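Engineer: Sequence and predicted model, in that order:
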Protein chains: 2
Amino acid sequence: MSGFGETDPRHHVVIIGCGFGGLFASRALKRAPVRVTLIDRKNHHLFQPLLYQVATGILSEGQIAPAIRDVLRNYPSFQVVLAEVEHIDVEAREVHADEFGRPLTIGYDSLIVAGGATTSYFGHDEFRAAACGMKSLDDALALRGQIFGAFELAEAEIDEQERRRLMTFVVVGGGPTGVEMAGQLKELSRRALRHNYRRINPHETRVVLVEGIDRLVSTMGPRLSRLTARDLTRMGVEIHLGAMVTHLDDRGVEITTKDGGTQLIPAATKVWAAGTRASGLGAHLAEAAGAETDKVGRVLVRPDCSVPGHPEIFVVGDLMALDDLPGVAEVAMQSGAHAAHTIVRRLEGKPSRPFRYRDLGTLAVISRFRAVAKIGPLRVGGFMGWLLWLVVHVTFLTGFKNRFGALTRWAVSFIGRGRYERALTGRWVAGSKRTKKSA
Amino acid sequence: MSGFGETDPRHHVVIIGCGFGGLFASRALKRAPVRVTLIDRKNHHLFQPLLYQVATGILSEGQIAPAIRDVLRNYPSFQVVLAEVEHIDVEAREVHADEFGRPLTIGYDSLIVAGGATTSYFGHDEFRAAACGMKSLDDALALRGQIFGAFELAEAEIDEQERRRLMTFVVVGGGPTGVEMAGQLKELSRRALRHNYRRINPHETRVVLVEGIDRLVSTMGPRLSRLTARDLTRMGVEIHLGAMVTHLDDRGVEITTKDGGTQLIPAATKVWAAGTRASGLGAHLAEAAGAETDKVGRVLVRPDCSVPGHPEIFVVGDLMALDDLPGVAEVAMQSGAHAAHTIVRRLEGKPSRPFRYRDLGTLAVISRFRAVAKIGPLRVGGFMGWLLWLVVHVTFLTGFKNRFGALTRWAVSFIGRGRYERALTGRWVAGSKRTKKSA
């Protein structure tokens, strides 16, 4: 594989990662006079903002995770390599990777590192076994099994207390992901499972949202924070603000409030939507290139997103530390595109420009037909917020068929009450056994 | 759980299994003066005839596998129990099951056993590890990972011979399932993967269909068998008739023809669509009730589908041996409904009637817009056959949202060229590692 395309005289751009950063860098390079190798260890791009809808049975995996090869099929100067990057040799300008157990070396002229982020348990890695993150398709599928499986176990449960535990869902983290997850869990139990059970009443499902600071969706400003808390409370979500998770295991969650009071919440299903940290690639690159990382492992970059001393290496998206920009999809998209444009400008002999982030806004769905949205100076909630959410998500979903497919699913789930994806497969059986053993 | 509903004075019908047999028995009992307990070890009904479309990335799991509880949500006298049946005590009229590790006993007045069938490897159980069956959602998901994963491994492969092996797919069994699977694999490689790869040419994919007798879709009559073979051959499917699989492992398949000639086909992906045998419940019930089983483990029943000596126990669908009826969805649907009607007739003091199977036909899709169909006296192929296939499948898919969802997916896949479900998840990584180790 290493020899592929080496005779091609064009400037060779290697992109690591096909999340939003890598994808938007690719789009910006589609017609550029370069050849591109895109390396990812997954075969799919992931539309992360809708991961919670896969977890709660609205969307299928494929609808938010198109195959990278298919997205880039009409990019003739691109090749996609499925491999795990192990080492970046910044002196030799080579990426070393593992391609299905075989070592692979790819030389580059320019490198865009868009390795993304993983779930951070804030130093409590022991929480990982009991609280699923919300970063990958595997996370969402595991959660889907846990959620629908919990209702099955509850229906079969004789012990009243254990049944309540099975019907309790704790979401840790009050950002958009946590808010959307908590809202959907309530929607699911109130509407989608109606008349499905004979012994349990899904309306009695307890959904708890835990946030360390004293506001939900804090980036949206105080008014939308209040609106979000009010809407969720009306739906029956139990909100704990200014509360830290001090213990978490299979049985449940212990939270401690600022005044030192602790509360035990027995809960079978825990969703960890609280923290992210940069993928290990950040620390590796920083060491290799003599750069610095911030406290969540992101690489400190120059204003044009390049690594100090290595103008040919760019770090974008969740792996990039620049101007305190948040780890959101929009930053990844724009910084990915910026890195690509900078490469093209240099090839044209033009100087690089600093990256200017245009904050297009933040959105979070609370229930069907209700959302909060901050778009530029605009801050709206309720139905208008939801309409904005709909327009933005349809626009940004990759590919026509995913847009169309998601729209039909949303019609089924929001106007109707059904959920397509409730089938429990082998994955779940294993999970349920683990739950039973520890119970 | 065992005490649930025991105070209800109505006749209690227990149905084991919610495949086509159990589902159609349920429908027939919806308004009957009985209470019903439906036991299944899966949480979903499965529309098996479309399993190959889940395996080849057209449909999502949920689209062919609606949650049983949701299908029966408006059946107020029904309860659904997720449990594995372990023993039937025909004297005490009790079903003993394992419900998430807890023993569960359910008494019955009438029992409908619709336990279905599993894959039979014709005494070669060692084939199971290397050749996936086509009976469950887990089978389809495992195959989906193998199929799309094989192209990824091929793209990364340096060795020409190994690459050809990775791009070879052997389908064992020339019934409708095998024919549809072989046709779809060709469609997939010719259309859906177009422009996706840079090193391999998916057009070079080799699809081999192996059938033990000398005709494909033999139940459809000689003309449609010939038509099927002609259409598949034109698409590039390599057909071996009158050939037995004499060896099969991770590396490939050895087939032996009637004249004793053997041929080795190196192939990474093997699909076993050849044989089925009754679930173990058949043998167990036969022993418990003193009934007989045929050579594939089905219970020999009386003309009204009841077990000899036990008029209160019915066996339907793939578990039932009666008049040499084939193990197809239509037989399961009609015999399930017949058993239910017989129970109601008896409660009304009427005698039972013998089961009369109305053969509504058989269908098999060959490529987009081409199918063969035998409907009553009608035998059509080509586009007309495909139209018939479309109408029948849309009609029989359970629930409006699944009909609508499948139609939009078919539009995307057949008119367009895309496949929604190509995301490789954790399931596949494990599979690919196994493949690599043994390679």
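Structural biologist: Arrived safely, thanks for sending.

Engineer: What segments of the stretch 151-300 of chain A are helices?
Structural biologist: A:160-166, A:176-187, A:222-235, A:281-289 (DSSP state H, counting those that start in this stretch).

Engineer: Let's have those in a markdown table, adding mean neighbour count.
Structural biologist: For every residue, glycine as well, the C-beta is placed using N, CA and C. Below are the helices of the stretch 151-300 of chain A laid out as a markdown table (neighbours: other CB atoms under 10 Å in any protein chain shown):
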| stretch | mean neighbour count |
| --- | --- |
| helix A:160-166 | 17 |
| helix A:176-187 | 25 |
| helix A:222-235 | 18 |
| helix A:281-289 | 19 |
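
Engineer: Which strand or helix spans residue A:147?
Structural biologist: helix A:137-156 (DSSP states H and E).

Engineer: follow-up on the earlier one: so which of the helices of the stretch 151-300 of chain A gets nearest residue A:351?
Structural biologist: Judged by CB to CB, the one of these that comes nearest to residue A:351 is helix A:281-289, at 21.3 Å.

Engineer: what's the spacing between that closest one and its chain's center?
Structural biologist: From the chain centre to the centre of helix A:281-289 is a distance of 23 Å (CA atoms, centre = their mean, to the nearest Å).

Engineer: just stretch A:361-373 next, same as before
Structural biologist: Distance of stretch A:361-373 from its chain centroid, counting by CA atoms, centre = their mean, is 17 Å.

Engineer: Out of the helices of the stretch 151-300 of chain A, which is closest to chain B?
Structural biologist: Among those, helix A:160-166 comes nearest to chain B, with 10.7 Å by CB to the nearest CB.

Engineer: residues making contact with that closest one?
Structural biologist: By CB atoms under 8 Å, 6 or more residues apart in numbering or on different chains, the residues outside helix A:160-166 that reach it are A:150-151, A:153-154, A:157, A:200, A:204, A:206, A:251-252, A:266-268, A:439.

Engineer: swap in stretch A:119-136?
Structural biologist: For stretch A:119-136, contacts defined as CB under 8 Å, 6+ apart pick out A:42, A:46, A:48, A:51-52, A:55, A:117-118, A:139-140, A:142-143, A:146, A:172, A:177, A:181, A:245, A:248-250, A:270-277, A:296.

Engineer: Now the stretch 201-350 of chain A against chain B: closest residue?
Structural biologist: residue A:202 (10.5 Å).

Engineer: and that residue, how many neighbours does it have?
Structural biologist: Residue A:202: 19 surrounding residues under other CB atoms under 10 Å in any protein chain shown.

Engineer: Provide a list of residues in contact with it.
Structural biologist: By CB under 8 Å, 6+ apart, residue A:202 lies in contact with A:151, A:167, A:189, A:190, A:193, A:194, A:196.

Engineer: cool, residue A:184 as well?
Structural biologist: Contacts for residue A:184 (CB under 8 Å, 6+ apart) come out as A:52, A:53, A:55, A:56, A:58, A:365.

Engineer: The helix or strand hosting the second one: what's the following helix or strand?
Structural biologist: Assigning secondary structure by DSSP H and E places residue A:53 in helix A:51-55. Reading on from helix A:51-55 to the C-terminus, the next helix or strand found by DSSP H and E is helix A:61-64.
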